[in-house]
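**Q** what's the 3D shape of this:
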Amino acid sequence: MGWFKKKKEEEDIIPELPGLLEGDELLSQDDQIPEDQEQIEEQAGSEMYETEEPIPEPVLQELESESEQREEPEPRYEPAERIVERYKEEPQRQVPETQFVRLDKFESAYASIANIKKKIEEMNSFLRDIRQLNAKEDAELSAWEKEINEIKIKIENIDKALFENLE
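**A** From the prediction side, this is the model:
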């Protein structure tokens, strides 16, 4: 049995590549390249007309007639509700991604927040003081009103007592 015998190794024959052109050969090939754009266009145009093949007749009419002969079944349309139900998916939960903050930015933000808290506390203490002052002012104003009313009453009593007898 020849199952496990080695196959004869065939040598791969690789064709040799043409060698590199020498400096003189490169110069001679450069001379063959036309330098003017007009020459290039003329050569391209003349080659184009020489190798051009006749354009075949359009085949569109045949295709249209074949498509008319074939009757395609009308596509079935499903109600929109079914389509929506089919594609409804449970909303995906977004996993919070890790956020990286530069340490100096964190420290500056922390300092800013601490500064803001301190200013808010100062403002609250000022508001408390102002409210206390307003309460004291209101109490003093009401006391003055009482005194004024008492003085008015006394003046009216004196006025009645003195000027009633004169009339």
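
**Q** contacting residues for residue 15?
**A** With contacts taken as C-beta atoms under 8 Å, 6 or more residues apart in numbering, residue 15 has no neighbouring residues. C-beta: built from backbone N, CA, C; applies to glycine.

**Q** where does this protein dip in pLDDT?
**A** Scanning the chain for pLDDT under 70 picks out 1-12, 21-92, 167.

**Q** go again using 90 as the cut-off
**A** For the chain, residues meeting the criterion pLDDT under 90 lie at 1-102, 159-167.

**Q** What about residue 101, how many residues nearby?
**A** Burial of residue 101 is recorded as 9 neighbouring residues (other C-beta atoms under 10 Å).

**Q** quick one: it from residue 119, how far?
**A** When distances are taken as C-beta to C-beta, to the nearest Å, residue 101 and residue 119 turn out to be 24 Å apart.

**Q** Residue 163 too?
**A** For residue 163, the distance to residue 119 under the criterion C-beta to C-beta works out to 64 Å.

**Q** Remind me what the host helix or strand of residue 116 packs against, helices and strands.
**A** Counting by DSSP states H and E, the element that carries residue 116 is helix 103-166. When contacts are defined as 3 or more C-beta pairs under 8 Å, 6 or more residues apart in numbering; DSSP states H and E, helix 103-166 sits against none of the other helices and strands.

**Q** Only C-alpha atoms, please: export stretch 159-167 in CSV.
**A** Below are the C-alpha coordinates for stretch 159-167, written out as CSV (Å, rounded to 0.1, in the frame of the first residue of the first chain):
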residue,chain,number,x,y,z
ASP,A,159,-58.4,119.7,75.0
LYS,A,160,-61.8,118.6,76.1
ALA,A,161,-61.2,119.5,79.7
LEU,A,162,-59.8,123.0,78.9
PHE,A,163,-61.9,124.1,76.0
GLU,A,164,-65.3,122.7,77.0
ASN,A,165,-65.7,125.2,79.7
LEU,A,166,-64.8,128.1,77.4
GLU,A,167,-67.5,127.5,74.9
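
**Q** which residues are contacting it?
**A** In this structure, no residues lie in contact with stretch 159-167 by C-beta under 8 Å, 6+ apart.
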